[in-house]
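J.: just to be clear, the model below is a prediction. Sequence and coordinates:
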Amino acid sequence: MAMLAGKTMAKNGTFVPAFLFNSPFLSAPIERIKDKRVKHGIRIASSVITAGLAFASKRNYNNQQADSRSVATDPFAALSSWVPCVFVNPGDPICSEYVGYFEHRKKMDEIGIGAIEKLATQNSLGGLLMSAMGRDSEALHLIPSAVLAVNLSPAQDFKEAHGIHQWWRPDLQLQSNIYKYT
């Protein structure tokens with residue numbers, strides 16, 4: 001609910017501070033794959049497919065309009081000034097995909113195909129499918145910018161990895177990165 005409220009307010013120009021703990025990221029659990037090359041390959045393939053479908057659906061929808069969009073008409077870019085603090089544990093399959101989501105955007109830029117990821121990061125396959133069926137749907141978990149705080153303290157099980165109590169530990173080990181959509 002906090003993510004929805006923050007996104008809604010940001011779309012209206014009010015950028016409230018947000019601290020989102022264990023916020024769900026609905027996606028295949030790619031972050032759980034151990035082999036980094038396989039994980040990266042799957043993410044690249046997924047980005048190419050998602051961007052291709054997004055491009056095709058937007059072309060179909062906007063066939064009489066120019067394809068360029070400005071910040072004023074691009075809701076994802078309009079959200080980019082809102083930078084919530086997102087707290088995740090890599091052992092939590094419900095929220096750990098935020099780590100891969102933001103890291104993958106950076107890697108795609110580094111290898112020179114950031115434009116593909118820029119389109120893919122704004123869309124989910126589920127949202128594109130719903131849109132194709134005539135039901136516009138915005139993926140709640142997709143955000144352009146964030147301060148991502150990853151809990152590096154080991155968790156014994158899922159309950160501990162997803163629990164709110166982990167953030168109160170005095171020996172908490174956090175790694176924070178700022179990801180800004182441009």
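T.: Thanks, I have the structure now.
J.: where does pLDDT dip in the chain?
T.: 59-73, 131, 136-137 (pLDDT under 70).
J.: just give me the longest helix of it.
T.: Using DSSP state H, we find that the single longest helix of the chain is helix 36-61.
J.: quick check: buried residues in it?
T.: For helix 36-61, the neighbour count (16 or more other Cβ atoms under 10 Å) marks 39-40, 42-44, 46-47, 50-51, 53-54, 57-58 as buried. C-beta here means a position set from N, CA and C on the backbone, and glycine is covered the same way.
J.: could you point out which element follows it?
T.: helix 75-78 (DSSP states H and E).
J.: what helices and strands are in contact with that following helix?
T.: helix 2-11 (3 or more Cβ pairs under 8 Å, 6 or more residues apart in numbering; DSSP states H and E).
J.: and the helix or strand following the helix it packs on, what does it pack against?
T.: Per DSSP H and E, the first helix or strand lying C-terminal to helix 2-11 is strand 19-21. Counting contacts by 3+ Cβ pairs under 8 Å, 6+ apart, strand 19-21 packs against helix 2-11, strand 85-88.
J.: pull the distance from strand 19-21 to the chain's centre.
T.: Chain-centre distance of strand 19-21: 14 Å, with Cα atoms, centre = their mean, to the nearest Å.
J.: the residue nearest the centre of the chain and R37: what is the separation?
T.: Geometric centre of the chain, nearest residue: L142, 3.9 Å, by Cα atoms, centre = their mean. Using Cβ to Cβ, to the nearest Å, L142 is found at 25 Å from R37.
J.: cool, and H165?
T.: 35 Å.
J.: likewise S80?
T.: S80 is 30 Å from R37, by Cβ to Cβ.
J.: next: V16.
T.: For V16, the distance to R37 - Cβ to Cβ - is 40 Å.
J.: could you do I111 as well?
T.: Distance from I111 to R37, counting by Cβ to Cβ: 13 Å.
J.: so how far is stretch 125-141 off the chain centroid?
T.: 15 Å.
J.: okay, buried residues for that stretch please.
T.: L125, G127, L128, S131, E138, A139, L140, H141.
J.: then stretch 95-114?
T.: 95-105, 108, 113-114.
J.: which of the helices and strands packed on strand 19-21 is buried the deepest?
T.: strand 85-88 (a mean of 22; mean count of other Cβ atoms under 10 Å).
J.: give the next helix or strand downstream of it.
T.: Assigned by DSSP H and E, the successor of strand 85-88 is helix 97-110.
J.: report the angle between that following helix and helix 36-61.
T.: Angle between the axes of helix 97-110 and helix 36-61 is 80 degrees (criterion: axes from the mean of the first three to the mean of the last three Cα atoms, to 10 degrees).
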